[in-house]
Structure formats: structure tokens, C-alpha cells
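Asker: Output the structure for:
(chains A, B, C and D)
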2 protein chains.
Amino acid sequence: MRQHELSEIRRLPLFRTMQPAHFDDLFLGAYVHAFPAGLELVRQGDPADFLHVVVEGQVELYAGWAGRECTMAIVRAVGSFILAACIRDQPYLMSARTLDRSRIVLVPSSNLRAVFRRDPDFAVAVIDELAGCYRAVVRHAKELKLRNSRERIAAYILRLSASMGGAAGFPLPVEKRLLASYLGMTPENLSRTLRLLESHGLKIDGSRAIITDRARLAAVAVPDNLIDRPDRPSPLAGGNLTSDAPFAKA
Amino acid sequence: MRQHELSEIRRLPLFRTMQPAHFDDLFLGAYVHAFPAGLELVRQGDPADFLHVVVEGQVELYAGWAGRECTMAIVRAVGSFILAACIRDQPYLMSARTLDRSRIVLVPSSNLRAVFRRDPDFAVAVIDELAGCYRAVVRHAKELKLRNSRERIAAYILRLSASMGGAAGFPLPVEKRLLASYLGMTPENLSRTLRLLESHGLKIDGSRAIITDRARLAAVAVPDNLIDRPDRPSPLAGGNLTSDAPFAKA
DNA sequence: CGAACCCTTGACAGAAATCAACTAAGGTGG
DNA sequence: CCACCTTAGTTGATTTCTGTCAAGGGTTCG
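Answerer: Numbers count the residues shown, from 1 in each chain, chains lettered A, B, ... in the order given. The predicted structure is shown next:
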């Protein structure tokens, strides 16, 4: 594993506060691997043997049932996923596949469970991370249950804008069909509804979004801090690098 | 606080493994209160000052937005809720109201944060609890995104049956309108769809459900361990009393 | 150049919400 | 005890939303 990768991982909230010696222990049996785009990294139902850390690229977490499939989250560098399954030593609830060519660190889950028993600071960081993940999924579930697809799209665009420092125009970070799946609708529905939102302050040009009238768009989305705003950095672990990502972190 | 209540709380997975002295510290500033049915205990957006433990009765966790409302989970005795908000010291994402007359223990969240820093066993129990909560919400989100309302109802009935040891007939644990909201549909839709399921192995008589043809019902629900089956007791904390409750625990 | 694949659009079907009316059960107060 | 009220639940009619199926345009990549 490359030194600069290790030090980048070290800066993640999850690993930042732990003892150096324990950090070394944790990554002792770990290995990095580069994967091409579109490769299935983990399959739902498999035993949770490794915590995954995305060092480079991006990874889609998705779920399948009865031949249907939906996107649950996107994890970008540098972020981790399937922590909860590793901790509980239970099967993954979601599958994961690379969206781009990606470099992934695989940390044996047994290391994980051993180390947080020895290192209280790491245990606190894990607690904080899990609480954050939990709150992110709760927001996602609230959005699915309370907003219809037009409102979800409008709110998503406004969240994106906020994560770009309030910019009015910006590229969509993922393919539209992926976005549709994440937002819980079909690509056709997304396409039509984006068109419909042109009379409500949003213009789409290819993969680029332009907010032409923020007030009108907000009137559709009715932004709410308890759905749309990511948690502020936690007082426990001192900042979460990925919490303001456009997709909920898993 | 009554002694038998304290010892019942002590048996919860979350508190079972911690040092006796720390358990006492944790509940030092805590107090119990009896509330009538239908009372709002916490409101979404409020600061998370107290971890709540339901000693008696049951509590609905629900979320509101733009005048709409939906049920997110039901917590029965003995179980806790809004742990994640307390840990992160951030606003509650959900509101809570009593469904029955209930006795609730309120544990100051500052106690919580102080104690799990000192007690590694408690920290591990918190990690396990949070990981379990996270996985429960992921299951819920998967169900919302992958199944339609007929499939959700059928699957819910089968989960209920499983939690009753496989019984074919049993009472519904909550009002139908609450159930509808939990399952992400209107009461009218639930009512109609229950009727529709009479030709698929399910009979509803008032508040009582009878599975008349399990195979046919399962053909609708297509049960899946990664959505429907609660986690088995975790190896970390040794058993979760509430994980097989008909509603996901929060 | 052709083969995928993404995206869009149209027509249609199905699912789900809404609005309204009605029943039944439970509780209250006269 | 009964009349009354409230509320949960059901049912029907209707509208709205969303998914499905099909076709065509555009792009990328081998």
C-alpha cells in the first residue's frame, strides 16, 4: 500500500483519532487493489469479511430483490462502506460495484472488531461514524416516504447546489439513470419530471443543471434541514469529510 | 425510579455489559415519567437532550414535512430510541409520541457521551446497537424502494407471523392507519389491498390476520432474508431482545 | 461502420392518492 | 339507559402519479 494512501486514510474521521500503533494493527492484513469500472466488489448476502475504503474512484451501493435493483448510495474517495455489516459480522445488506476505475483498500473485519475493543478513541470514532450513517439513511427514508418524485428531484438539485457552495450551474455528478434509481423512480420518470421542472426554475442541459429561479425551485422542494442538510461535523470525532457529499454516505 | 425497572433496563443489550458503577453514573440524572396516550414526547428538530427508554407502553416515531406525516417505527417496552441524535448531539430527525399510556426513562445525553468514553464495554454495546439500527433502516429503505404496496403488506404479514413463532392467525399489533403509514401508503390503499390479498392466502377479520395459504402469500411477498429477517443476535453484545419486533427498532 | 448504451419522447396501463360518503364501534354525557 | 359524538375503517368514484412498453436520436467505443 502506498504511503500517501495510508496517510490519506489516516485523515478520515474514522481513523484520525486512534493510536498510531492500533492504526498499524488495523491495516496489517489489509491490501489495496485497483478495479476496473463496472465490477461487482461485494454481493448482498455475502459474509462481511472486509471493510472497504475507497481511495480513488467511486462506488455504487445497490440492492436487489426479485429481479429488481435500486441504488442506495454512492461512496466517493475517500470514504468507507459496509462498516455496520463488518461490526456485526453479518451478511452485507447491499451490493457494491465500481462506477469508475477505482482503488479500494480491504481491511479484514476481524481486525476491526479486535482494534476497537482495545482503542477507546477508535471505538468513539466508530460510534460517531455509525450514528452519522444511521442519520443519513433515516433522512433518505424520510424523503422517500414524504416527498413525491418531483419534490425529490427539486430537493436533490438544491442539495447539490448547496454542496457546491450555492452555485447556480453545475454538472450532475452521476448518470441520470443512476440518479433516477437513487431517487426511487424510473429513468423515464426522471427525464419527464426534469422537463416539467423547467417551468419551476430548473434548466437541464445535457448533464449540466442550471438553477434559473431558486425561489421557484425551493417552492417545489420545500427544503428542510431535517431531510436535506447533512449533519454538521460531530463534536466527538472532529469533522466528517464526506458528510456533505451529494449522496448519503453509507 | 423503581428497582425492578432499573433491573429490567439493565438487562437490555445496550446496558447489559457495562460496569455496574458506570450504569449507576449513567442513570444518575435520569428520571422516569408516566405519560398518557397520544402525547408528543419529542419533536423533530429539537436538541437531543435525552436518550429515551420505554419501560412500559409503546411509542411511535414519526416524521413530518410540509404538512405531511409518516410513521417511521414503533418502539415497544423495553427499548430505547433516538440514540444516534444523542450521541452526535444534534437535532432529532424524528418526533415521538406515546401510543398507549407509557412509562419512559429519560437519560441525559451528556451522561451517555461521558460514560461510553470511560467504559469500553458500553462503547462496544453502543456500537452494536447503532449498527443494528442502521441495518434496520437500510432494510426499511430497501423495502420501500423495491416492493410495491401489495408486496410490502404481504411481507409484513409474513414477518409478523415469523415473530409469533410461525402462527397462522394473530392480532395486528397496531391500528391499521398506523400500519399504513409505516408501510408507506394511505389507509384507503391498505384497506383495499388487504381485501385484494384475500385471493392470495390472507384473511383479515377486524384486527386479526389469518394466513390461509402461506405459499400463495409468499408468492406475493417473495420473502428475502436481506429485507425481512432481523439480524441474529450479535456476537458482540450477546443478544438483542427487540430485534425480532414486528417493527424495525430505532 | 456498427453495436451498445444512454437519454428522450409518446402512448398506454397500472398503482396509488384524493375526495366523499357511509358503517360500525367506543366513549361521553344527559 | 340511551342519544350523541368521535373516530377507525371501508367502499366507491375520480384524478394524479408512476411504471411499462416501444421507438428514435445521439454518443461512445470497439
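Asker: Give the buried residues for the helix-or-strand element of chain A with minimal mean pLDDT.
Answerer: Here the helix or strand of chain A ranked lowest by mean pLDDT, DSSP states H and E is helix A:3-10, holding a mean of 88. Neighbour-count burial for helix A:3-10 flags A:Glu5, A:Leu6, A:Ile9 (criterion: 16 or more other Cβ atoms under 10 Å in any protein chain shown). Yep, even glycine has a C-beta here, placed from its N, CA and C like the rest.
Asker: How about stretch A:40-60?
Answerer: If you call a residue buried by 16+ other Cβ under 10 Å, then stretch A:40-60 has these buried ones: A:41-42, A:44, A:48, A:50-60.
Asker: Downstream of the least confident helix or strand of chain A, the next helix or strand is which one?
Answerer: helix A:13-16 (DSSP states H and E).
Asker: Quick check: mean pLDDT of that following helix?
Answerer: Regarding helix A:13-16, the rounded mean pLDDT is 95.
Asker: From the contact counts, what lies against the very next helix or strand once past that helix?
Answerer: Scanning forward in sequence from helix A:13-16 by DSSP H and E, the next helix or strand is helix A:20-26. Helix A:20-26 is packed against helix A:109-118, with contacts defined by 3 or more Cβ pairs under 8 Å, 6 or more residues apart in numbering or on different chains; DSSP states H and E.
Asker: what sits up against the helix it packs on?
Answerer: The contact list for helix A:109-118 (Cβ atoms under 8 Å, 6 or more residues apart in numbering or on different chains) reads A:18, A:22, A:25-30, A:48-51, A:83, A:86-87, A:89, A:122-123, A:126, B:120, B:123-124, B:127, B:236.
Asker: Can you tell me which residues in chain A are near DNA strand C?
Answerer: Selection of chain A residues close to DNA strand C by Cβ under 7 Å from any atom of the strand yields A:175-178, A:187-188, A:190-192, A:194-195, A:204, A:207.
Asker: Among those residues, which one sits closest to B:Trp65?
Answerer: For those, the residue nearest B:Trp65 by Cβ to Cβ is A:Leu190; the value is 21.0 Å.
Asker: Find the helix or strand that the closest one is a member of.
Answerer: Short version, using DSSP H and E: A:Leu190 is in helix A:187-196.
Asker: does that helix come close to chain B?
Answerer: No: judged by Cβ under 8 Å from any Cβ of the partner chain, helix A:187-196 makes no contact with chain B; its nearest approach is 13.5 Å.
Asker: Beyond that helix, next helix or strand please.
Answerer: Heading C-terminal from helix A:187-196 (DSSP H and E), you reach strand A:202-205.
Asker: Indicate each strand paired with the helix or strand that comes right after that following strand and its parallel or antiparallel sense.
Answerer: Using DSSP H and E, the helix or strand that follows strand A:202-205 towards the C-terminus is strand A:208-211. Take DSSP bridges as the rule and strand A:208-211 pairs in its sheet with strand A:169-171 (antiparallel), strand A:202-205 (antiparallel).
Asker: do you know how far the residue of chain A most remote from its centre is from DNA strand D?
Answerer: Most distant from the centre of chain A: A:Ser199, at 30.5 Å, with distances by Cα atoms, centre = their mean. Using Cβ to the nearest atom of the strand, to the nearest Å, we find A:Ser199 at a distance of 13 Å from DNA strand D.
Asker: In chain A, what residue spans correspond to helices?
Answerer: A:3-10, A:13-16, A:20-26, A:83-88, A:109-118, A:120-146, A:149-163, A:176-182, A:187-196, A:214-221, A:225-228 (DSSP state H).
Asker: what about the first one, distance to the chain center?
Answerer: To tie it back to what came earlier, the one meant is helix A:3-10. In terms of Cα atoms, centre = their mean, to the nearest Å, the centre of helix A:3-10 is set 20 Å apart from its chain centre.
Asker: got the contact list for it?
Answerer: Taking Cβ under 8 Å, 6+ apart as the rule, helix A:3-10 contacts A:Phe15, A:Arg16, A:Phe23, A:Phe27, A:Val32, A:Val53, A:Val55, A:Val78, A:Arg103, A:Val105.
Asker: hang on, the earlier thing: kindly indicate which of the buried residues of stretch A:40-60 lies nearest DNA strand C.
Answerer: A:Glu60 (11.7 Å; Cβ to the nearest atom of the strand).
Asker: Quick one: residues contacting that closest one.
Answerer: Taking Cβ under 8 Å, 6+ apart, one finds A:Thr71, A:Ala73, A:Ile74, A:Ala96, A:Arg97, A:Thr98, A:Leu99, A:Leu178 in contact with A:Glu60.
Asker: Specify the beta-bridge partners of it.
Answerer: With DSSP bridges as the rule, A:Glu60 is bridged to A:Ile74, A:Arg97.
Asker: for chain A, what are the low-confidence residue spans?
Answerer: A:237-250 (pLDDT under 70).
Asker: try it again with 80
Answerer: For chain A, the stretches with pLDDT under 80 are A:1-2, A:233-250.
Asker: how's it carved up into domains?
Answerer: A:3-143, A:144-228 (automatic domain parsing).
Asker: For B:Gly169, which of those is the nearest?
Answerer: domain A:3-143 (26.9 Å).
Asker: touching DNA strand D at all, the closest one?
Answerer: No: applying Cβ under 7 Å from any atom of the strand, one finds domain A:3-143 separated from DNA strand D by no less than 7.5 Å.
Asker: circling back: winner for burial among the domains of chain A?
Answerer: domain A:3-143 (a mean of 19; mean count of other Cβ atoms under 10 Å in any protein chain shown).
Asker: So A:Leu197 sits against A:Arg152, correct?
Answerer: No: A:Leu197 lies out of contact with A:Arg152 (Cβ atoms under 8 Å); the separation is 11.3 Å.
Asker: okay, and the common contacts of the two?
Answerer: Residues touching both A:Leu197 and A:Arg152 (Cβ under 8 Å, 6+ apart): none.
Asker: Off-centre distance for stretch A:96-116?
Answerer: Using Cα atoms, centre = their mean, the offset of stretch A:96-116 from its chain centre is 14 Å.
Asker: Quick check: end-to-end length of that stretch?
Answerer: Stretch A:96-116 has its terminal residues 25 Å apart, counting by Cα to Cα, to the nearest Å.
Asker: related to what we said a few turns ago, make TSV from the domains of chain A and add distance to B:Asn225 to it.
Answerer: Listed next are these as TSV, based on distance: least, Cβ to Cβ, whole Å:
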stretch	distance to B:Asn225
domain A:3-143	7
domain A:144-228	22
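Asker: So for B:Ala141, which of these sits nearest?
Answerer: That would be domain A:3-143 among those, by Cβ to Cβ, at 4.9 Å.
Asker: Return the distance of that closest one from the chain's centre.
Answerer: Worked out by Cα atoms, centre = their mean, domain A:3-143 lies 10 Å from the chain centre.
Asker: How about stretch A:174-193?
Answerer: For stretch A:174-193, the distance to the chain centre is 17 Å (Cα atoms, centre = their mean).
Asker: quick one: A:Phe27 and A:Val53 touch, right?
Answerer: No: assessed by Cβ under 8 Å, A:Phe27 is found out of contact with A:Val53, at 9.4 Å.
Asker: got any residues that touch both of the two?
Answerer: A:Ile9, A:Val105, A:Val107.
Asker: Check these against B:Val137 and report the nearest one.
Answerer: For these, the nearest to B:Val137 is A:Val107 (23.9 Å; Cβ to Cβ).
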